[in-house]
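Trainee: Fold the following, please.
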Amino acid sequence: MAYLFPLAAVMLWSGNNVVNKLVAGVLYPAEIGFYRWLLAGVLLTPVMLVPLWRQRHAVRPWFWHNVVLGLLGMVAYQTLAYYAGTTTSATNMGIILSLMPLLVLLLSAVLLAQPLTLGAVVGAVISLAGVVVLVSSGDPAALIAHGVNFGDLLMLLATLAYATYGVLLKRWKPTLSPLLMLYLQILVGIVVLLPLMLLSPRQGLSAEAVPLVLYAGVAASLAAPWLWMNGITRLDPSRVSRFFNLVPLFTAAIASVVLREQLTLAHLFGGMLTLTGVMLAELWRRRATPVAPDS
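Mentor: Numbering: from 1, shown residues only. So this is what the prediction gives:
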């Protein structure tokens, strides 16, 4: 039963990759980003105002940490993903996003001084090959000739931003509750994205846009993190993290139904290589961890 929590969270996040694509042409990226976090913030405020006031002295030392985390997770990651959705497919976005656990391993070596294992290096090479197959549509020569699709590049940058978010969160180890951290970072997103939205072209909320904002603001921003946090409290965090590898599979399945996106051999082979590299890096690292002798 506990496995249903991370499984449901991953399904909601996978659906959000499809929303990132659906919103293209309905709302500008700056609009959907602002409306999403504004809705999440409005819904959380009645619940979080009292805890925030009671813990205001504990929050103060973590103020700038939350600003940086909010800029990475709520502003950079999601805004780049919305821009990526204008020029690449939801399936591509899901596969590129599956690189995140591997990027966390690589960034941990730099920011947390964690030694890289041979498995991480080999996994990185295999995953990189998978991404090359994907973004070149199975023709690496065309990639050299024409370069990377701009949407795929933006999604790579978005994934890197969120991987950095995760590593910094692990490095700083805030003493605040996860829900309070989420609320504070949502407030950062609202404040930063408001001027971006006002300075950008706007289409305004329409009957077509409202369901997309509701999904992004409620399902992906509130329900999915709540489900994920509940999964972590019931299961080992390392076991929960493996569910993230289902994102490209769920995204491709939802996109094939909702967007009528066709899976190609490049998607299948590139996705398989990417996931193989991620899993190899993760499992090889775990097997290499020494076991303490019995006392």
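Trainee: CA atoms for contacts and neighbours, from now on please.
Mentor: Fine.
Trainee: three-state assignment of the residue nearest to Q114 when sequence neighbours are not counted?
Mentor: Nearest residue to Q114 in three dimensions, chain neighbours excluded: S108, at 5.8 Å (CA to CA, 6 or more residues apart in numbering). Under DSSP: H, G, I helix; E, B strand; the rest coil, S108 falls in the helix class.
Trainee: and what of L39?
Mentor: Here L39 is helix, with the state taken from three-state DSSP.
Trainee: pretty sure it contacts Y215?
Mentor: No. Counting by CA atoms under 8 Å, L39 stays clear of Y215, with 10.3 Å between them.
Trainee: Quick check, pLDDT for V75.
Mentor: Reading off the confidence values, V75 has pLDDT 92.
Trainee: how about it, what does it touch?
Mentor: Listed by CA atoms under 8 Å, 6 or more residues apart in numbering, the contact set of V75 reads G33, G189, V192, L193.
Trainee: 7 Å - rerun?
Mentor: G189, L193 (CA atoms under 7 Å, 6 or more residues apart in numbering).
Trainee: Distance check, the nearest residue to G73 once chain neighbours are set aside against S127.
Mentor: Nearest non-adjacent residue to G73, counting by CA to CA, 6+ apart: Y162, 5.5 Å away. Y162 sits 18 Å away from S127, going by CA to CA, to the nearest Å.
Trainee: Over to L212?
Mentor: In this view, L212 and S127 are 31 Å apart by CA to CA.
Trainee: neighbour-wise, which of those two wins?
Mentor: Under the criterion of other CA atoms under 10 Å, the comparison of L212 against S127 puts S127 first, with 28 against 21.
Trainee: In contact with L160, which residues?
Mentor: Taking CA under 7 Å, 6+ apart as the test, what L160 contacts is L103.
Trainee: Now the particular helix or strand that has it in it - C-alpha only, CSV.
Mentor: Using DSSP states H and E, L160 falls within helix 150-172. Output in CSV follows, covering the C-alpha atoms of helix 150-172 (Å, rounded to 0.1, in the frame of the first residue of the first chain):
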residue,chain,number,x,y,z
PHE,A,150,16.3,24.2,-28.7
GLY,A,151,13.5,22.7,-26.7
ASP,A,152,15.6,19.6,-25.8
LEU,A,153,18.5,21.9,-24.8
LEU,A,154,16.1,23.9,-22.5
MET,A,155,14.8,20.7,-21.0
LEU,A,156,18.4,19.6,-20.3
LEU,A,157,19.0,22.9,-18.5
ALA,A,158,15.8,22.5,-16.6
THR,A,159,16.8,19.1,-15.4
LEU,A,160,20.2,20.4,-14.4
ALA,A,161,18.6,23.2,-12.4
TYR,A,162,16.4,20.7,-10.5
ALA,A,163,19.3,18.3,-9.9
THR,A,164,21.2,21.2,-8.4
TYR,A,165,18.2,22.0,-6.3
GLY,A,166,18.2,18.4,-4.9
VAL,A,167,22.0,18.4,-4.2
LEU,A,168,21.9,21.8,-2.4
LEU,A,169,18.9,20.6,-0.3
LYS,A,170,21.0,17.6,0.7
ARG,A,171,24.1,19.8,1.4
TRP,A,172,22.3,22.4,3.5
